[in-house]
Structures are given as C-alpha cells and as structure tokens.
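*Asks:* structure for the following, please:
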Amino acid sequence: MAWRIALRRLGKAGGIKAREARQREWDRRYGEDAWAVGYAIDGAFVRQEEALESVYQASYDAHFDAHPEDLAELCATAKALRNPHAEATTGVDLQVPAILESLRRRGLALAGREIVDIGTWEGRGTHALSVRLSPLTIRCVVDEGRTLEQFWQARKVLAVWEDER
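*Replies:* Down below sits the predicted model:
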C-alpha cells in the first residue's frame, strides 16, 4: 500500500463550507479515510500534519532565528495575535499557532498591549509586524525561492491510498 498523488495544486483551503463540501466529494470519490491532503516534497508525499511541523513551523522558527528583532518587537508589542483573513473568511489559521509555538519553544510570551494582526485583510494590518510575519513574506525553509504561502499553495496535493501492484 502506498500514497499516490491524485490531484496537484489544490489551492487555498477556502471557507469552512467549501472545505467540507470538497471533503465530502473526496469521501464519495475515493472513500472515507482513503485520501489525504499533503505536500509533494523532494518527490515524496508528506501528509499535511507532518508538513505543518517540518515546513510551516520550521519556516517561522527559521525566520525568528534569523530576525530576533522581529521576535523582540512582537513580544514587546502584542498582548494577542489574530489572523484577520481567517476570521473574515472562516479560513484556516496556520500562522498564529505557528508563531505562538515558536514563542513557547523559546520560553517567551507576549507582553505588550496591542492585538497584532498576522497578515492583512483587504490591504490593512494593525502593525508593520502584520506584513513582516505574514506567510506571504516569510521564506519557506524547503524552497528558499518561495514564500511560505507560495509553497503552501503551489505544492499542496491530494493523495489516495492504493494497493501497490
């Protein structure tokens, strides 16, 4: 048995209704528990849950390692983080959990007074950090030529579980 990539370039997850409709279609077409969303990395299929750590989280960790001033400014400025795009669209929020995990791993906490957006919505953010810490700006650790968002959308695939022949 092995994963076979069935669809490439799935694009954005979308709002909750669109995600659930697409998942129901995949259940119907491939069978429940017979498909998975993930990423094509170095010719292999990596499930999304694994890529969240090895790509998404690792990219934020690498950014903070290379830009400790962003980390210091974030801790000094923010009391909370939010993803305005995810809130407005019911989309999936990956960046806020990744940033909070980076803080936790370093034994740091938010100590500021502002709610800081991570990313923007309709061209607006609350702070310069909103853009600097957006996945549209963060470099991807497994593909330095792309931002994290570019990688996350371009390399997203649907794989199906099949018997090897």
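*Asks:* low-confidence ranges, this structure, go.
*Replies:* For the chain, applying pLDDT under 70 flags the ranges 13-14, 125, 164-165.
*Asks:* for the most centrally placed residue in it, grab phi and psi.
*Replies:* Nearest to the mean C-alpha position of the chain, by CA atoms, centre = their mean, lies residue 94 at 4.2 Å. With angles defined as degrees, to the nearest 10, residue 94 sits at phi -100, psi -30.
*Asks:* which non-adjacent residue is nearest it?
*Replies:* residue 56 (5.7 Å; CB to CB, 6 or more residues apart in numbering). The way it works is simple: take the backbone N, C-alpha and C, and place the C-beta from them, glycine included.
*Asks:* now for that neighbour: which residues touch it?
*Replies:* With contact set as CB atoms under 8 Å, 6 or more residues apart in numbering, residue 56 has these partners: 94, 98, 148, 152.
*Asks:* surely the second one meets residue 55?
*Replies:* If I follow you right, that is residue 98. No - counting by CB atoms under 8 Å, residue 98 does not reach residue 55; the two are 10.2 Å apart.
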